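Novice: What follows is a predicted structure for the sequence shown.
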Amino acid sequence: MKQDGQTAERRTDLELVGVGDIRCEYKRNPVGIDIANPRLGWKLFGSRRGVMQTAYRIQTAEEDPGFGRLVWDSGWAESGRSQQVEYAGEPLRSCTRYHVRVMIRDEAGRESEWSEPAFWETGLLEAGEWTGDFIGCEAEGDGSQAEPVPLFRKTFQVSGAVERATVYVTALGLYELRLNGSKVGGDLLTPGWTSYTNRLQYQTYDITAQLREGDNAAGALVGEGWYRGSFSWDHQRSIYGNRSALLAEIRIRYRDGREERIATDESWKRSQSEIVASEMYAGEQTDARLLQPGWDLPGFDDSGWKPAERIEADKRRLVAQVNEPVRVQELLRPVELLRTPAGDTVLDMGQNMVGFIRVRAKGPAGAEIVLEHAEVLDKDGNFYADNLRGAKQRNRYVLRGEGDETFEPRFSFQGFRYVRVAAYPGEVKPECFEGVVIHSDMEQSGRFECSEPLVNRLQMNILWGQKGNFVDVPTDCPQRDERMGWTGDAQVFARTACFNMNTASFFTKWLLDMKAEQMENGAIPNYIPHVLPKPRAMAAWGDAVTIVPWALYECYGDTRILAEMYDSMVRWVEYMRSHGEEGADWGKQPQIGDWLALDAKQGSYRGATPEDLVAAAYYVHSTGLVVKTAELLGKEEDAARYRRLHARILDDFRREYVTPNGRIASPTQTAQVLALMFDLLEERDVPRTVTALEELLKKNKNHLTTGFVGTPYICLVLSRFGRTDLAYELLLQQDFPSWLDQVKKGATTIWEHWDGIKEDGSFWSADMNSFNHYAYGSIGDWMYRTVTGINTDPEKPGYKHIHIEPQIDPRLSYAKASYQSLYGAIEAGWSRTDEGMELTVAIPPNTTASVVLPAASRRLLLESGTSVNAAAGIYRTEETADGGIRLEIGSGRYRFTYPAEISEQVPEPTN
Ligand code: RAM
């Protein structure tokens, strides 16, 4: 057995390490980057163990795939860094393509080949570079009604061979851009939803292949969307402005060096499309008889069209798109065609999904299709839409009467599992309906599976909750007249979200909006983007400003977002402090505490944990994150100042909420959980609080009573303090209230309320009962981090160093997870075999890991069938205090087996 400090044997038959998957700002070959020093990242490829990078060299060439015109040659940098490497060459120019390649030296000092080249292309770096103006229509109605979606068009000439053509485009509203009869790019709901008054994203598309020599036509539809359509539970219209508008600029670069620009201006023409109304909640209405065939082609006669109007709008707020655009992700077929007791024809999509139905039909001109969308059927099996409140989710299409016609909404989406076909020409055949699932185009990075099928369904439900609510903004729900970027929901789900998908760019974009919407006094509005007047700030919700950047730092090693958000984090802490010097003062402001907890008084949404306690706990936690961030960013003075504040308000917390005998004054699960999770207690009071939590659980037959605040942490806390068995029990409970209770009741997403559907099949009150609310899906974090044990190391964030420490329970026979980190795939899986335990682990190149094998006997531990002494890639082994083995290992795949002493007995139930 190797001893501490002993280094692993090095194999001599070294294969050459490959370098590839170069990213710029997390993206592959992105176009439209407006960052002055974008960050580059790459992966190393090599299956042998212990692959590490010791140096890198980057070359960047401007508009030259042959790498002759270099704007940066980093030279050999002695560094193991292969992610978050900032470009440090000559200043970048707008609308320019930068080719990049990377070479590395491995741990044996051997040089790789140059990677395959990649590129990024800059957008318009200065607002003043936009040539055109926003264009729109003269105001028609008084803005109180949805108006028909306008069309814009412009013909232009291409005179010669095109080297590259690019379009930069955005809208006040939502746009679909078309060129010569087809859509530009595959993105939906562009330009996305941001804090429009401060930040308006534009998209960039390479359109070289869509142009042709001679006559060309550009066209666009502009819908109302979040900008101007009815939105928020107050159904306000024109939240950001009452005129929708388009801004586009095509830049054509010819092979002979000429450049031409075609930009939106008054020479564009406008008319009306076949979309007669389209709104986020209400749905879309199309009358195909109004379609003007060929309107987006060059030869079309637009003599009847009017000139577009110039719309005054500030271009200084234009920014390149930060996150991945919304795109079609998958297609679902109905699983059943139902005839309900009430006589409705209803399609069951088999999954609560977000997107829309693409419907095909044939019929006479004027025939109608009407589709209504809902999440559930009621206990009698009837279509139930009351919980959608004022969101009609109703799409209506009028046929043109020419052969097969296909419809789908362009500027609206729905959250649903069931579709009521209220009108349809002819027989309703399921094959004519297709569920189009949309969300921000993030890569799925995590997969989790175990021997309990109900837990696997729970994992699917969590993932579906993320899909449905990560449609450009992290929303509370995707269906009723809300769909807002509630900060608390996003904050509690952030770590789970980072496991399931690569959310770095998605959250970065949202955080930039948060920063933009922070109020003068430092308050963080409850939802971002902010849409209702009089923003309020509340504990656990506003704390998203510290928690989410910190999650991105831990999961992606992203220090730039910390630097970007630092002032906002500080101002948030100062805002809390502004309510009084006592730690508890902030909590005296209106708060909502442990939202929707089951220990709430009858009829109340607020859990029994005092709201001021929740506030005081989060105040300490956020201040702690500010301290850590200040330290990281080298802001010594701030770090010292907030360390003092932290110590003081921690003290206040103890004085206010911990009795002299060391009990938390509030006997709720959530109060104990917060105190333990945020390290709010003196050492000596910890065991007592753990016991108090155990007792509270016991009183409730080991079921939780927690809401939005307590639920995300309860299992993490139990595991941290030695009660993983209890955490498993909470996870595996199948009766109310529990995660699997919902699964057993047929949930395909996570519900807003533990009792969204009650035992007798009735519903929680319709005024607030979403069946697609991801907050309680935050258990996913514990599943990855504890059941399969994949965890980050804040000292070497972004999984540069990985912790793998599965906590095994006899109620499962196996569990496995994989996670696509920036360095490559991490895998961890365990199973109990006849011989004992088997643990397989995969660690990507250029990372290291600590692996803890629970209850492993040092003598009998094998790796791939032989003694760990002989295994390459294992740098160190040591025994842990609780009878396991800790290994320090390098990259590669490992299979550990040992005859484990894991008890086959399920621990005595504590109730
Ligand atoms: C509800 C939202 C959200 C929650 C707030 C406090 O309206 O759905 O989930 O964060 O209330």
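Specialist: Right, received. Where do you want to start? Numbering: from 1, shown residues only.

Novice: May I see the buried residues of the longest strand along the chain?
Specialist: In the chain, with assignment by DSSP state E, the single longest strand is strand 345-361. Judged by neighbour count (16 or more other C-beta atoms under 10 Å), strand 345-361 contains these buried residues: 345-347, 349, 351-359, 361. Quick note: C-beta positions are derived from backbone N, CA and C, even for glycine.

Novice: Can you lay out those as a markdown table showing pLDDT?
Specialist: Output for those, formatted as a markdown table (pLDDT from 0 to 100):
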| residue | pLDDT |
| --- | --- |
| 345 | 98 |
| 346 | 98 |
| 347 | 98 |
| 349 | 98 |
| 351 | 98 |
| 352 | 98 |
| 353 | 98 |
| 354 | 98 |
| 355 | 98 |
| 356 | 98 |
| 357 | 98 |
| 358 | 98 |
| 359 | 98 |
| 361 | 98 |
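
Novice: Show me which pair in those residues is furthest apart.
Specialist: 352 and 361 (25.0 Å; C-beta to C-beta).

Novice: Now residue 598: closest residue in space that isn't a chain neighbour?
Specialist: residue 705 (4.3 Å; C-beta to C-beta, 6 or more residues apart in numbering).

Novice: for the one you found, helix, strand, or coil?
Specialist: coil (DSSP: H, G, I helix; E, B strand; the rest coil).

Novice: didn't it look like it was pressed against residue 671?
Specialist: No. Between residue 705 and residue 671 there is no contact under C-beta atoms under 8 Å: 11.2 Å.

Novice: Who has more neighbours out of those two?
Specialist: residue 671 (28 against 24; other C-beta atoms under 10 Å).

Novice: what about that one, which SS state?
Specialist: Under three-state DSSP, the three-state class of residue 671 is helix.

Novice: measure it to residue 533 for me?
Specialist: Here the distance between residue 671 and residue 533 works out to 34 Å (C-beta to C-beta, to the nearest Å).

Novice: what does residue 145 give?
Specialist: Where residue 533 is concerned, residue 145 sits at a distance of 22 Å (C-beta to C-beta).

Novice: Equivalent analysis for residue 712, please.
Specialist: Taking C-beta to C-beta, one finds residue 712 at 30 Å from residue 533.

Novice: next one: residue 264
Specialist: 32 Å.

Novice: quick one, which of these two is more surrounded?
Specialist: The neighbour comparison of residue 264 against residue 533 (other C-beta under 10 Å) goes to residue 264, with 28 against 8.

Novice: Skip the chain neighbours and tell me the closest residue to the more buried one.
Specialist: Per C-beta to C-beta, 6+ apart, closest to residue 264 is residue 132, 4.2 Å.

Novice: So what's the residue count around the one you found?
Specialist: Using other C-beta under 10 Å, residue 132 has 21 other residues around it.

Novice: Which element, helix or strand, includes it?
Specialist: Under the assignment given by DSSP states H and E, residue 132 is not contained in any helix or strand.

Novice: if I look at it, how far off is the ligand?
Specialist: Using C-beta to the nearest ligand atom, to the nearest Å, we find residue 132 at a distance of 39 Å from the ligand.

Novice: what's that residue in contact with, if anything?
Specialist: Residue 132 makes contact with 247, 248, 249, 263, 264, 265 under the criterion C-beta atoms under 8 Å, 6 or more residues apart in numbering.

Novice: I'd say the third one and residue 262 touch.
Specialist: Translated: residue 249. Yes. Counting by C-beta under 8 Å, residue 249 touches residue 262, with 7.4 Å between them.

Novice: which ones are touching residue 138?
Specialist: residue 309.

Novice: Check what pLDDT it gets.
Specialist: pLDDT for residue 138: 78.

Novice: Assign a three-state SS to it, would you?
Specialist: coil.

Novice: coming back round to it: out of residue 249 and residue 262, which sits in the more crowded spot?
Specialist: Of the pair residue 249 and residue 262, residue 262 is the one with more neighbours under other C-beta under 10 Å, namely 23 against 20.

Novice: Below-threshold pLDDT in this structure: ranges please.
Specialist: 1-14, 140, 901-911 (pLDDT under 70).

Novice: interface residues of it facing the ligand?
Specialist: 476, 477, 482, 486, 488, 489, 592, 595, 773 (C-beta under 6 Å from any ligand atom).

Novice: among those residues, which two are most distant?
Specialist: That would be 477 and 592, which, of the residues of the chain next to the ligand, are the farthest apart (C-beta to C-beta) at 16.6 Å.

Novice: So between these two, which is more surrounded?
Specialist: Using other C-beta under 10 Å as the criterion, residue 477 and residue 592 rank with residue 477 on top: 30 against 22.

Novice: close enough to count as contact, that one and residue 483?
Specialist: Yes. Using C-beta under 8 Å, residue 477 makes contact with residue 483 at a distance of 6.3 Å.

Novice: Who are the packing partners of the longest strand of the chain?
Specialist: strand 326-332, strand 336-339, strand 368-374, strand 394-398, strand 405-407, strand 414-423, strand 433-440, helix 453-469 (3 or more C-beta pairs under 8 Å, 6 or more residues apart in numbering; DSSP states H and E).

Novice: repeat that for 7 Å
Specialist: strand 326-332, strand 336-339, strand 368-374, strand 405-407, strand 414-423, strand 433-440, helix 453-469 (3 or more C-beta pairs under 7 Å, 6 or more residues apart in numbering; DSSP states H and E).
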